[in-house]
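In: Here's a sequence, model it:
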Amino acid sequence: QVQLVESGGGLVQAGGSLRLSCVGSGGTFSRYSMGWFRQAPGKEREFVAAIDWTGAGTRYADSVKGRLTISRDHAKNTVYLQMSTLKPEDTAVYYCAATRVPLTTTIGNYDYWGQGTQVTVSS
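Out: All right, here's what the predicted structure looks like:
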């Protein structure tokens, strides 16, 4: 069993930055590939970014390329999502998730999920 806890969300103005964190515990967290997803009100949950277990491989949704960066620190059992040049359309609850399938964008491939953290971008 892997437990995931996100933090770092909040209210920010358009053009601003935030860094989300996801701390993992239990199981062999360091061997899991990780992903960030988001869900806006009235919309389906969507893929944002993924990183493989080594940290060398990453993948992004087209809508966030060049603005969001995923990374991980094995020593801290933490995955980060650095968010820059934020837009109102980035407003959503952001979730981290763990999978055995490297760099997958498919929600069903993720085995463990955090509780989510709210990001609100004002215009």
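In: Lys8 and Ser33, how far apart?
Out: If you look again at residue 8, you'll see it is Gly, not Lys. If you measure Gly8 against Ser33 using C-beta to C-beta, to the nearest Å, the figure is 21 Å. Bear in mind the C-beta positions are built from the backbone N, C-alpha and C, glycine included.
In: So the two - more neighbours on which side?
Out: Ser33 (23 against 16; other C-beta atoms under 10 Å).
In: That one pairs with what?
Out: Thr99 (DSSP bridges).
In: For it, give its distance to Thr85.
Out: Distance, Ser33 to Thr85, using C-beta to C-beta: 26 Å.
In: could you pull out the strands for this protein?
Out: Under the criterion DSSP state E, the chain contains strands at 3-7, 10-13, 18-25, 33-39, 46-51, 58-60, 68-73, 78-83, 92-99, 110-113, 117-122.
In: Can you lay out these as TSV showing mean pLDDT?
Out: As requested, those are exported to TSV (pLDDT from 0 to 100):
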stretch	mean pLDDT
strand 3-7	97
strand 10-13	98
strand 18-25	97
strand 33-39	98
strand 46-51	98
strand 58-60	98
strand 68-73	97
strand 78-83	98
strand 92-99	98
strand 110-113	97
strand 117-122	98
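In: In space, what's closest to Gln39 - neighbours in sequence excluded?
Out: Of all residues not flanking Gln39 in the chain, Arg45 sits nearest, at 4.2 Å (C-beta to C-beta, 6 or more residues apart in numbering).
In: tell me the contacts of that neighbour?
Out: When contacts are counted by C-beta atoms under 8 Å, 6 or more residues apart in numbering, Arg45 is found next to 37-39, 95, 107.
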